[in-house]
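Novice: Pasting the sequence and the predicted coordinates here, then a few questions.
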Amino acid sequence: MRYILRNLGFYLLAFWASITLNFMLPRFMPGDPVSRMFARSQSQMQPEQIDQLRRLFGLDHRPMWQQYLDYVKDVCTGHMGISISRFPTPVSEVIASQIGWTLLLGGTALVIAVVIGNLLGILAAWRRGGVLDSVFPPLLVFAGSFPYFWLAMGALYLFGMTLGWFPMRHAFDVGFSPDLSWAFLSNAASHLVLPALTIVLVSIGGWMLGMRNTMIATVAEDYITMAEAKGLSPSRIMFRYAARNAMLPSVTNFGMALGFVVGGALLTEVVFAYPGVGFQLLAAVQGLDYPLMQGIFLTITAAVLVANFLVDLVHVRLDPRVRVR
Amino acid sequence: MAPTIRVRRFRPAVLAAPVVAAALLLTGCSGTGTNAAGDTSGDQLLTIPREDFATFTRNFNPFAPSQVVAPLTTQAIYEAMLVYNPANGKATPWLATSWETSADGRTVTFTLRDGVKWSDGKPLTAEDVAYTFALQKKLLGGYEYLKSAKAEGADKVVFSLTKPYSPGLFELGKQVIVPRHVWEKVKDPAKDTNPNPVGTGPYTKVANFQSQSYELRRNPEYWQPKKQQIAGIRVLGFSGNDSANLAFVNGEADWTQSFIPDVQKSFVDKDPKHNAYWYPRTGSMVEWTMNTTKAPFDDPKVRKALSQAVDRDSVTEVGMNGYTEPADCTGLSGGYDAWRDAALAASCTWTKHDAVAAGKALDEAGYPKGSDGRRKLKSGKPFTFDISVGSASSDWLSVANIIKQNLAEVGVTAHVKSPDWAAVVSGYETGDYDTGIVWSDNGATPFQFYRTTMGTESVKPVGTKTVSNYHRFGDKKADRLLNEFAAAPDEAGQKAKVDALQKLFAEDAPVVPLFPGPEWGAYTDIRFTGWPTADNPYATLTNRGDTTVLVLTSLKPVKNRQH
């Protein structure tokens, strides 16, 4: 329990540091949202409107510390303000409209990559030097080292355009509206295949190698020899004895990756025109949309911290040594 | 000044162009398994991809900035009193049938069309127009020359101006009109999202609104029912040019305005019978702007000599893919051909490439070459400076690099600096830069262009933010001519002043004009016909501009074409 409390304190400190950075960084960038908007406007804006828009968007020229205090208060009470680049939609609404797709895409891809990657890693280490061990790691690392943009474009071209197996864009076809019907769910699933597949392809190698390497060390431990000497079945030794112990670093990594899922997959979203937080964040940064930027960063920060905290809890459960300390 | 003036704009458009080019060249025209391609039932929807909207918000408030509001709000839903078309220089009467400026230039009277109804069935009245201007001024400001807009009877609107201001005619005419009976009930019009708009436009009914697509269907009360030949419009959202171009080249969209690299090969050649593009040179002038508050750019001789060193043919051919043509010394873009003084444009030399003459001019201006072949400033320092361009605009970057090579030939060293546009623009705005490549201001007449390139009123001191006249140059003579232009009662009088302004521009060289910005636009006529072309320039091919409504009311669906 003391371990958890101590960690909780650390997380609060980390949270404060990150929201402070979150406040400072956008304000170090040159320009302000209205002149950005003006510079990008294709027509429809005149210089005289700038002051009016600044007032409308509630951009203030109060001293920094005052803005900071208000900001901290808003963060604590959950008010994230109104997005400027999507005026007058509240930031929370903008994020809410995107985060579902982001979690769906990122979560699906992550879970698939982790499960398959770890299984492959376990098997590869168990049969060291076997086919699995000698063929897959170089192959997957090779796939992982492709520039993602290129890989995604290639997949889009091959499976989307030439073969026509999967839709090329968007989260669902025109004409559907999100509901729980089978028709919509299967349509959304078919739209998920290519984006998720490409993410899995580039990330799976890392999971497999990581698992394989710790697993090899674990397999050489005395207790494995002991288990074998006792005559336990190989699969029991592999999963319950070796893999369970080798799993710890993977669990940590999984937790971190889970937190970062919230940040979205920018390139995937760009190539497949998939809705999500990643592109929204890029647009917010380009448009200097402070409230939205802060909102998204805050969400990411909170997600990473929460995920890490959960991992800590799981660690306590998985690794008895942590409890003893 | 009116809300529909094109201002300096920066295109984040040409991002990752090589990758797209490769992908597009690979693209076949097999038209595989796509829902929209090839639908010629007669009820097919006109599909427009928007590369600048990853997702849409249901916001149809015409007073919202254009990056916020859902596309086509001010094109298909709300209409203006007149539509000015830069491609042929004509103004088409739209909600107004005629307009008149009083002899003293202080009153403009618009006569509204009879029988125009809002999409809720109520008639359009002069009260609506007067109310719109009052609301626009209250919410967003602008129209500082407009004293009042008053309804006179049901069909006449009288605009009283604070001074004779002829450019105001088109600016007032371009304002989209909103219904008073709807908007006066809105509590906070600036923050309203207007999810179910009531307008006079041809396609006002919002249908199937999703975050990445929505449809606009026919307005049942439209005043030109015969011109609503297409069943509706579908807008698709994309997170950038790549995915939008892919959908377009694949035949799933009809009309795009995003930049397509090597458009002939990657699009037109796929189906030369149906695919076409038209890039009229009616965009605003793209200029090499120099910070005239810094030496040596305060010297017009230097600006002209540097301009003469630039090989505009290779700038347009290589840097801009041949999509545009070199500028001349009037500074006027292709949209102002009717105003251009052709004799002046042909006679002057400082916009024509001549490295020898440029070198000589620099010698004479007092910047001789040193022993190492490089020129020195009067202070004795080497003649070097930066050209700042945003990193996202790959075409303008290559333009800057060509200029850099050209300058090296005359012994001047330039460095191309390409951080993010935001950083570049911030430098322009505060006057903390050497030179850069920017769009100029654009309006229905050359007034706006000359006002912000030479008028002293637009000059702000270094350190004070400005959004136009980044070069910070003003000439009192230009002020006088601009005022006389604004007060000129007729076109002949205006023309004389523009002639004088052109001469002054050629003399002062406040900025170095490079080439007129092409207005991108491409279409396929597999599903719809009647597009504007170079031979029939009834509009430009923009799907987000003033003339868009002209295209929407001219297109016809193709019915039952045999494949």
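Specialist: That came through, no problem. Every value quoted in this text rests on a predicted model; they were computed, and no experiment measured them.
Novice: Might one say that residue B:251 is in contact with residue B:526?
Specialist: Yes - look at residue B:251 against residue B:526 with Cβ atoms under 8 Å: they come within range, at 6.9 Å. Backbone N, C-alpha and C define where each C-beta goes, glycine included.
Novice: Any stretches of the stretch 51-200 of chain A with poor pLDDT?
Specialist: A:58-60 (pLDDT under 70).
Novice: Next to chain B, which bits of it? Give me the list.
Specialist: Residues of the stretch 51-200 of chain A found near chain B (Cβ under 8 Å from any Cβ of the partner chain) are A:51-53, A:56, A:85-89, A:94, A:97-98, A:149-150, A:153, A:156-157, A:161-164, A:168-178.
Novice: Drop anything exposed from the residues you listed.
Specialist: Among these, the ones that count as buried by 16 or more other Cβ atoms under 10 Å in any protein chain shown are A:52-53, A:56, A:85-89, A:94, A:97-98, A:149, A:153, A:156-157, A:161, A:168-174, A:176.
Novice: List the residues that contact residue B:101.
Specialist: Counting by Cβ atoms under 8 Å, 6 or more residues apart in numbering or on different chains, residue B:101 makes contact with B:107-108, B:166, B:169, B:489.
Novice: now it, which residues is it bridged with?
Specialist: Beta bridges link residue B:101 to residue B:108, judged by DSSP bridges.
Novice: So for it, what pLDDT did the model give?
Specialist: On pLDDT, residue B:101 comes in at 90.
Novice: Likewise for residue B:69?
Specialist: The model reports residue B:69 with a pLDDT of 87.
Novice: Let me know the helix or strand that the nearest residue to it once chain neighbours are set aside is in.
Specialist: Excluding the flanking residues, the one nearest residue B:69 by Cβ to Cβ, 6 or more residues apart in numbering or on different chains is residue B:59, at 5.4 Å. Assigned by DSSP states H and E, residue B:59 belongs to neither a helix nor a strand.
Novice: ok, residue B:59 - how many residues close by?
Specialist: 19 (other Cβ atoms under 10 Å in any protein chain shown).
Novice: same check, this time on residue A:185
Specialist: If we define neighbours as other Cβ under 10 Å, then residue A:185 has 14 of them.
Novice: Can you check my assumption that it lies in a helix?
Specialist: Yes - the assignment for residue A:185 by DSSP: H, G, I helix; E, B strand; the rest coil puts it in a helix.
Novice: And it, how close does it get to chain B?
Specialist: To chain B, residue A:185 is 16 Å away according to Cβ to the nearest Cβ, to the nearest Å.
Novice: re the thing from before, the residue nearest to residue B:69 contacts residue B:196, correct?
Specialist: No - Residue B:59 is beyond contact range of residue B:196, at 11.6 Å (criterion: Cβ under 8 Å).
Novice: for chain B, which helix is longest?
Specialist: helix B:491-508 (DSSP state H).
Novice: near chain B, which residues of the stretch 201-325 of chain A?
Specialist: A:269-273, A:275, A:279-280, A:283, A:286-288.
Novice: okay, these in TSV with secondary structure, pLDDT and neighbour count next?
Specialist: Output for these, formatted as TSV (DSSP: H, G, I helix; E, B strand; the rest coil; pLDDT from 0 to 100; neighbours: other Cβ atoms under 10 Å in any protein chain shown):
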residue	secondary structure	pLDDT	neighbour count
A:269	helix	88	27
A:270	helix	86	24
A:271	helix	88	29
A:272	helix	89	30
A:273	coil	88	28
A:275	coil	90	27
A:279	helix	88	24
A:280	helix	88	30
A:283	helix	85	21
A:286	helix	80	16
A:287	coil	81	23
A:288	coil	82	23
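Novice: Show me what from the stretch 151-300 of chain B comes close to chain A.
Specialist: So far as Cβ under 8 Å from any Cβ goes, the stretch 151-300 of chain B lies against chain A at B:190-193, B:208, B:210-213, B:234, B:236-240, B:242-244, B:246-247, B:250.
Novice: any idea where the strands of the stretch 301-450 of chain B begin and end?
Specialist: For the stretch 301-450 of chain B, the strands defined by DSSP state E, counting those that start in this stretch cover B:384-388, B:413-417, B:435-439.
Novice: and those as TSV, adding mean neighbour count and distance to chain A?
Specialist: Converted to TSV, these look like this (neighbours: other Cβ atoms under 10 Å in any protein chain shown; distance: least, Cβ to the nearest Cβ, whole Å):
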stretch	mean neighbour count	distance to chain A
strand B:384-388	20	12
strand B:413-417	16	14
strand B:435-439	24	10
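Novice: out of those, nearest to residue A:322?
Specialist: Each of the strands of the stretch 301-450 of chain B has some distance to residue A:322 by Cβ to Cβ; the shortest is strand B:413-417, at 52.4 Å.
Novice: That closest one vs strand B:435-439, what angle?
Specialist: 50 degrees (axes from the mean of the first three to the mean of the last three Cα atoms, to 10 degrees).
Novice: The residue nearest to residue B:110 when sequence neighbours are not counted: how many residues sit nearby?
Specialist: Distances taken as Cβ to Cβ, 6+ apart put residue B:96 closest to residue B:110, at 4.3 Å, once the chain neighbours are dropped. When counting by other Cβ under 10 Å, one arrives at 22 neighbours for residue B:96.
Novice: which ones are touching the nearest residue to residue B:134 once chain neighbours are set aside?
Specialist: With sequence-adjacent residues excluded and distances taken as Cβ to Cβ, 6+ apart, residue B:134 is closest to residue B:149, at 6.9 Å. Residue B:149 sits next to B:129-130, B:133-134, B:157-160 when contact means Cβ under 8 Å, 6+ apart.
Novice: Sort out which residues of the helix or strand containing residue B:149 are buried, please.
Specialist: Element membership for residue B:149 (DSSP H and E) is strand B:146-152. For strand B:146-152, a neighbour-count test (16+ other Cβ under 10 Å) marks B:146, B:149, B:151 as buried.
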